[in-house]
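**Q** Pasting the sequence and the predicted model now:
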Amino acid sequence: MSGLKLGLVGLGKIARDQHLPAIARTDGIDLVAVASRNAKGEGVANYADLGAMLAGSPELDAIVLCQPPQARFEAAVTAITAGKHVFLEKPPGATVSEVEALIALARKQSVSLFASWHSRYAAAVAAARDWIAQTTIRRIDIAWKEDVRHWHPGQPWIWQAGGFGVFDPGINALSILTEIVPDRVSLLSANLEVPSNCEAPIGATLTMRTGSGAPIDTVFDWRQTGPQTWDIVVETEAGTLRLAEGGNRWFLGDEEQQADAEEEYPAMYRRFVDIAGRNEIDVDLAPLQLVADAFLCGRHAATEAFHD
């Protein structure tokens, strides 16, 4: 084997659906080990936890963390302290201060740290960003609605403190928003709907604005059935742009535009290989900060209990 030797922690749905196929398609990396309490990787060394993996596979160059965000900080500290580059599944941590501490530690240890905002790598996002940069934004409307029972079945951590609730998918919209808007985005107000038996919201509406004053209205909802909705509509002086299907398709007016091939996770792994070769840090806190602001400033309204 050659290339960056990876250890993956947390072999759940996102790791199986996205990380393993992307690793297999990326030159310059090799999956050497997996740490998981309940699953085993094929053709690699398997361990019960990160500590055992670091002890049993000292040749590892980098660690990919795919556990729930509540557990990610301590795991990242352990990996960085051991001198490993770290790839953080989104969101990069449960709090902004946790991620800031990881940045400081990575700099001290001279290793790479990567916050993987996968939706920024969606097929149409770069083209939409470049088009928006040539005009002036008038307003933005975001609708991010999906069925939690389909995407997160049997995952109680998502409803616990630090699990983000509807902001787990919603932060994908915020990562695209902060990528395509050329100036800052600020939160003005938030309304959060929290089921009576949960600690995290099932729905949220956010009012934001760009640095130049354009309004941004956002609706996140985890109760959508049937077709899922992941749309961002940007009204500008040059016309209306719509990003659809989570950033994988884009339209000017009613006319669909050419987009790149869909390969969010392979693109992220190529980026990780690149920054690991230079011991660089690629961590943008803007999407996480907006979520933190929503929890801090939001009005909380109780809704009926959620039953998966």
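**A** Looks like it came in fine. Residues are numbered from 1 along each chain as shown.
**Q** and K5, helix, strand or coil?
**A** Under the three-state scheme (DSSP: H, G, I helix; E, B strand; the rest coil), K5 adopts strand.
**Q** Now do the strand or helix carrying K108: distance to the chain's middle.
**A** With elements taken from DSSP states H and E, the one containing K108 is helix 96-109. Distance, stretch centre to chain centre, for helix 96-109: 18 Å (Cα atoms, centre = their mean, to the nearest Å).
**Q** Can you identify the element that follows it toward the C-terminus?
**A** In the C-terminal direction from helix 96-109 (assignment by DSSP H and E), the next one is strand 113-115.
**Q** Show me which positions of whatever helix or strand comes next after that following strand end up buried.
**A** Scanning forward in sequence from strand 113-115, with DSSP H and E defining helices and strands, the next element found is helix 125-132. If you call a residue buried by 16 or more other Cβ atoms under 10 Å, then helix 125-132 has these buried ones: 125-129, 131-132. (Glycine included, C-beta is placed from N, CA and C.)
**Q** Tell me the one among those residues nearest to L288.
**A** V125 (18.1 Å; Cβ to Cβ).
**Q** Could you pull out the helices in the protein for me?
**A** Listed in chain order, the helices of the chain (DSSP state H) span residues 13-14, 20-25, 50-56, 69-81, 96-109, 125-132, 148-151, 167-180, 264-276, 286-297.
**Q** next one: the first one to chain centre, how far?
**A** What it means is helix 13-14. Distance of helix 13-14 from the chain centroid (Cα atoms, centre = their mean) equals 13 Å.
**Q** And stretch 238-249, by the same measure?
**A** Worked out by Cα atoms, centre = their mean, stretch 238-249 lies 19 Å from the chain centre.
**Q** Stretch 293-308 now?
**A** With Cα atoms, centre = their mean as the basis, stretch 293-308 stands 21 Å off its chain's centre.
**Q** Same check on stretch 114-126?
**A** Distance of stretch 114-126 from the chain centroid (Cα atoms, centre = their mean) equals 9 Å.
**Q** So, low pLDDT: which residues of this structure?
**A** Counting by pLDDT under 70, the low-confidence segments of the chain come to 1-2.
**Q** Nearest to the spatial middle of it, which residue is it?
**A** Central residue of the chain (Cα atoms, centre = their mean): K90, 3.1 Å from the mean position.
**Q** so how far is G3 from that residue?
**A** Taking Cβ to Cβ, to the nearest Å as the criterion, K90 is separated from G3 by 24 Å.
**Q** just R209 next, same as before
**A** The spacing between R209 and G3, counted by Cβ to Cβ, is 44 Å.
**Q** between the two, which one's more packed in?
**A** The residue with more neighbours, out of R209 and G3, is R209; 17 against 12, by other Cβ atoms under 10 Å.
**Q** dump the residue contacts of V9.
**A** Taking Cβ atoms under 8 Å, 6 or more residues apart in numbering as the criterion, V9 is in contact with 34-36, 50, 53, 63-67, 75.
**Q** repeat that with 7 Å
**A** For V9, the residues meeting the contact criterion (Cβ atoms under 7 Å, 6 or more residues apart in numbering) are 35, 50, 63-67, 75.
**Q** wait, A238 sits on T135?
**A** Yes. In this structure A238 lies within contact range of T135 using Cβ atoms under 7 Å: 3.9 Å.
**Q** about what we covered before: so which of the helices of the chain is the most surrounded?
**A** Counting by mean count of other Cβ atoms under 10 Å, helix 167-180 has the highest mean neighbour count of these, with a mean of 24.
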